[in-house]
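Student: Show me how the following folds:
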Amino acid sequence: MTRTDLMGYTSAELEKLMTELGEKPFHGRQLFKWLYKITQPDFETLTDLSKQVRTKLIEQFTYTIPEPEKDLLSEDGTRKFLFRLTDGFAIESVLIPDPESGRVTVCVSSQAGCALNCAFCATAQLGFARNLTVGEIIGQLVYLRHRFGPGAFTNVVFMGMGEPMLNLDRVLAAVGIMTDGAGFSHAAKKVTVSTAGIVPGIEHLAAIRSKVRLAVSLNAPTQEKRVQIMPITKKYPLPVLMNALKKYTQSTGTRVTFEYALFSGFNDTSDDVQSLAHLVRGIPCKINLLAYNPVDGLPFRRPSDSHVEWFAHQLYPRVPAVTVRKSRGVDINAACGQLAGENPSRRN
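Tutor: Coordinates of the predicted model:
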């Protein structure tokens with residue numbers, strides 16, 4: 001008999017499962033704690049559950065913590081993991097320590113591949129395979145906690161492979177497991193969902209007044225330039241996107257982070273500074289600047305560090321806040337999709 005994998009089951013789903021097994025619902029809450037807070041995959045050791053419950057779990061279920069196919073460590077401390085899914089597709093997670101702040105950020109994937117076809121992105125070259133399940137999303141984090149302990153990471157960003165807003169229900173279910181007190185007990189304000197500009201997803205987060213942080217991969221300050229590198233801009237033009245973001249900040253009371261990758265000679269001029277400042281006017285925000293992390297086979301070039309600093313100084317104080325992020329893990333191809341692209345056992 002095939003056993004069902006409980007990785008990705010929420011607390012409510014485990015309570016329902018226990019009821020279906022003829023047990024009290026509170027046993028589901030106990031099991032939830034064992035699976036996610038303690039990360040114990042051996043049902044026999046769940047000592048606060050009865051022998052009868054444990055036997056049922058052993059006979060009918062499993063809890064599989066994924067193991068990476070590749071584990072690469074950069075000279076700057078960044079660590080990248082390649083996970084192979086059961087159907088052969090590959091996804092990536094990146095663990096990024098920041099010695100100065102003490103933060104450890106984990107970048108997780110929400111889809112195998114991506115359908116948005118951004119011109120600068122390594123993941124786009126893989127095409128789109130499918131959405132990840134809740135178990136495949138949360139499993140990336142469970143692995144890290146199981147291996148490195150509860151302090152494996154301090155911040156979670158959905159900036160890995162895929163567009164989170166196109167798998168939002170499952171992303172939010174995974175966030176629920178993270179933030180549950182019996183799960184990871186991870187603060188929602190330390191979880192960031194990034195989007196290329198999927199307006200309905202932004203509107204949904206605004207409607208539910210989500211406590212997670214929102215980041216928008218902007219990368220160009222005008223409709224004309226952005227549509228050249230991010231085709232989603234045709235469907236959701238910049239004016240529509242900006243209007244949705246204004247409503248989001250009003251509804252949630254939180255600011256938006258704009259991620260702006262600088263491509264040499266394309267979006268890094270004085271005119272771009274002025275256009276960008278004008279674009280975000282009236283939106284509580286900060287702008288993260290990042291020199292493009294080069295991808296083999298793509299035509300975009302990385303600007304010098306001094307030019308990135310010049311751009312930042314030109315931009316602030318025209319905008320509320322500007323941060324320059326340093327590229328990490330360049331020596332291990334840490335840009336999203338680069339490692340999976342080297343191991344494409346399946347593509348779509």
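
Student: right, and Leu73 touches Val94 too?
Tutor: No. The pair Leu73 / Val94 is not scored as a contact, 11.3 Å apart, by CB atoms under 8 Å. C-beta here means a position set from N, CA and C on the backbone, and glycine is covered the same way.

Student: Those two: which has the busier surroundings?
Tutor: A direct count of neighbours by other CB atoms under 10 Å for Leu73 and Val94 places Val94 higher, at 25 against 13.

Student: From Ala312, how far off is the more buried one?
Tutor: 24 Å (CB to CB, to the nearest Å).

Student: Just the strands from the stretch 51-200 of the chain, written as ranges.
Tutor: Assignment of strands within the stretch 51-200 of the chain using DSSP state E, counting those that start in this stretch yields the ranges 61-62, 70-73, 79-84, 90-97, 104-107, 111-113, 128-131, 155-158, 191-195.

Student: Highest mean neighbour count out of the ones you listed?
Tutor: Here the criterion is mean neighbour count by mean count of other CB atoms under 10 Å, and of those the winner is strand 111-113, at a mean of 26.

Student: what residues does that one touch?
Tutor: Taking contacts as CB atoms under 8 Å, 6 or more residues apart in numbering, the residues outside strand 111-113 that touch it are 85, 89-91, 123, 126-132, 161-163, 166-167, 337, 347-348.

Student: change it to 6 Å
Tutor: Contacts of strand 111-113 with the rest of the structure, by CB atoms under 6 Å, 6 or more residues apart in numbering, involve 89, 91, 126-132, 162, 167.

Student: and if you look at stretch 19-27?
Tutor: Applying CB under 6 Å, 6+ apart, the set of residues contacting stretch 19-27 from outside is 15, 18, 53, 56.

Student: what about 8 Å?
Tutor: Residues external to stretch 19-27 that are found in contact with it (CB under 8 Å, 6+ apart): 15-16, 18, 28, 49, 53, 56.

Student: Please apply the same query to stretch 137-145.
Tutor: Counting contacts by CB under 8 Å, 6+ apart, the residues outside stretch 137-145 that touch it are 7-8, 36, 39, 64-68, 81, 83, 91, 93, 95, 106, 108-110, 152-153, 156, 170-171, 174, 177-178, 184.

Student: same check, this time on stretch 47-59
Tutor: By CB under 8 Å, 6+ apart, the surrounding residues in contact with stretch 47-59 are 1, 3, 18, 21, 23, 27, 30-31, 34, 43-44, 46.

Student: returning to what we had before: out of the strands of the stretch 51-200 of the chain, the one nearest Val240 is which?
Tutor: strand 191-195 (13.4 Å; CB to CB).

Student: counting contacts, what elements does the closest one pack onto?
Tutor: Counting contacts by 3 or more CB pairs under 8 Å, 6 or more residues apart in numbering; DSSP states H and E, strand 191-195 is packed against strand 155-158, helix 168-179, helix 199-207, strand 213-217.

Student: Distance to Leu238 and mean pLDDT for these - can I get that in CSV?
Tutor: Shown next, in CSV, are the helices and strands packed on strand 191-195 (distance: least, CB to CB, whole Å; pLDDT from 0 to 100):
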stretch, distance to Leu238, mean pLDDT
strand 155-158, 22, 98
helix 168-179, 21, 98
helix 199-207, 11, 98
strand 213-217, 11, 98
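
Student: Present those as JSON lines; the columns should include distance to Gln140.
Tutor: As requested, the helices and strands packed on strand 191-195 are exported to JSON lines (distance: least, CB to CB, whole Å):
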{"stretch": "strand 155-158", "distance to Gln140": "10"}
{"stretch": "helix 168-179", "distance to Gln140": "9"}
{"stretch": "helix 199-207", "distance to Gln140": "20"}
{"stretch": "strand 213-217", "distance to Gln140": "18"}
